[in-house]
Structures are given as structure tokens and as C-alpha cells.
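[1] Compute the structure for the input listed below.
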Amino acid sequence: MEIEEIKKVIIDQREEINDFFKKEKIIERELNSNNLKRLLKHPNILVISGARRSGKSTLALLLLKGEKYGYMDFDDERLAGFSQYDLNKLIQSFYELYGNNLDYFVFDEIQNVKNWEVFLTRLRKTKKIIITGSNAKLLSGELSTHLTGRYIDFTLYPFSFKEFLTFKGIDFKKDSSVFSTKEVAQIKRILEEYIKIGGFPEVFNTSLQRFVFYPNKRKRIKIIN
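    The predicted model follows:
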């Protein structure tokens, strides 16, 4: 790819990130972000792994809030022809856009690029790097072989029920463990919702679509909650 093409993708993705943080409801996860950020020391790479749509990219960007960083999501159809030989062009593109004093880089789904781990082995010596991806792909053979002892893995899970309550705007932090009848009913109602849709953050920010299928019939009815 040409550098100007790469720069356009970088700019577009950064605009998407800014729009996301403006429009969507973001909550702090139940983890010690300061301790996690302290792991961002070269020559080690911070790997945030977990199931798809569990909020890995959002967590990575929250960790770097207020910092100057370069970000690339390789799960982008415009990067279908992106190869290992373009990775150095990517770094040059970041420098041309943001200046030469970038210390942080976030690479989302970088396992889509062949020989990515060799590139990071070199980059990690001078830069602080976060990579995110699903467990099945990211933590398979190549990462273990080439980066053994050179990365710290953190697994992010979907929202806990407590985080789900926070997302719903409910805070029952009380000195007493006794709740009113109204509060108990409200928590039970939200628990039923949590059990039904699970704890994946992206689900909460979109309209839920449920499809009712009828046996031996080809039609279905879509219900928007």
C-alpha cells in the first residue's frame, strides 16, 4: 500500500474513535487501570485478549486517554492487501501525521498481517505497545513462539452484573445490605435482562433484535426491544 492510502485509513479510524466516545455510553471496567498501564513498559508488549465484542479496543484506548498514540485496526476491508512490508510504512505514516515523539501504539487484530510478530519484536525495544485480539487467533502458535517472555497477557471478559448495573445508571453502594422492596424488584428485573442478553458491551449500545421462528414455516417475525 502507498503511504497516503495508509494515512487516509488512520485518519478515518481516528474519526470513528472520536465519534464512538462522543455518542456511546462508556463506563470504567472493574479493574485497576493504573496497574494495567504500568505494564506498558518496553521491551514488553501488553496483550489484551478475550472474546470478540468484549470491549478490548475500548479498554486499550481508555488506558491511553490523554496520551499521544498511533492506532490501527487491521480488521478493516481497506487493509485487505496490507502485508508485512507495509508495517514500516504504517509507522512512518503515524510519524508524518502525529510527529516523531510517539511513544504508544495500539494495534487491533494485527494477527491479520503475516509475520506481524517479527515486526513487533523489533518495535517493542523502543515503543510501548498494546495489541488486542480474540484468544483463538492472537494467542496461537506464532505469538507463543516469537514473543515468549516478551509480552504480558491480560484477558478481558464481558460485563459483570455489577458493571451491567453501572451501565444502566444504577448504583446501590450502601452501608447497609438491606434494600427496599422497590430496589430488590428493580435489581431482579435487571438481572433477568442481563441473563437474557449477556454482558457484551456492544449489545447494549444497539437495538436488540429478536427473531421468532415458527416450526415448519419459512417466515419469521422480527421484534425490536
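[2] same for the helix ranked longest in the chain, what does it pack against?
    Longest helix of the chain, by residue count under DSSP state H: helix 3-23. Helix 3-23 is packed against helix 56-63, strand 69-73, helix 87-98, with contacts defined by 3 or more C-beta pairs under 8 Å, 6 or more residues apart in numbering; DSSP states H and E. Just so you know, the C-beta spots here come from the backbone N, C-alpha and C atoms, and that holds for glycine as well.
[3] By mean pLDDT, show me the worst of these.
    Here the lowest mean pLDDT among those goes to helix 56-63, at a mean of 89.
[4] quick one, the longest helix of the chain and strand 69-73 angle?
    Here the directions of helix 3-23 and strand 69-73 differ by 100 degrees (axes from the mean of the first three to the mean of the last three C-alpha atoms, to 10 degrees).
[5] which residues touch helix 3-23?
    With C-beta atoms under 8 Å, 6 or more residues apart in numbering as the contact definition, helix 3-23 has outside contacts at 58, 61, 70-73, 76, 78-79, 86, 89-90, 92-94, 96-97.
[6] angle of it against helix 56-63?
    Using the same axes, to 10 degrees: helix 3-23 against helix 56-63 is 80 degrees.
[7] buried set for the very next helix or strand once past helix 3-23?
    Scanning forward in sequence from helix 3-23 by DSSP states H and E, the next helix or strand is helix 33-38. Neighbour counts over helix 33-38 (16 or more other C-beta atoms under 10 Å) mark Leu36, Lys37 as buried.
[8] could you say what helices and strands whichever helix or strand comes after helix 33-38 packs with?
    Downstream of helix 33-38, the first helix or strand assigned by DSSP H and E is strand 45-50. Counting contacts by 3+ C-beta pairs under 8 Å, 6+ apart, strand 45-50 packs against helix 56-63, strand 128-134, helix 135-138, strand 151-155.
[9] Turn these into TSV, columns for distance to Glu163 and mean neighbour count.
    Output for those, formatted as TSV (distance: least, C-beta to C-beta, whole Å; neighbours: other C-beta atoms under 10 Å):
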stretch	distance to Glu163	mean neighbour count
helix 56-63	12	21
strand 128-134	19	24
helix 135-138	20	14
strand 151-155	15	15
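[10] Could you look up the SS state of Phe105?
    strand (DSSP: H, G, I helix; E, B strand; the rest coil).
[11] Throw the helices and strands packed on helix 3-23 into CSV and include distance to Tyr194, thanks.
    Shown next, in CSV, are the helices and strands packed on helix 3-23 (distance: least, C-beta to C-beta, whole Å):
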stretch, distance to Tyr194
helix 56-63, 19
strand 69-73, 28
helix 87-98, 39
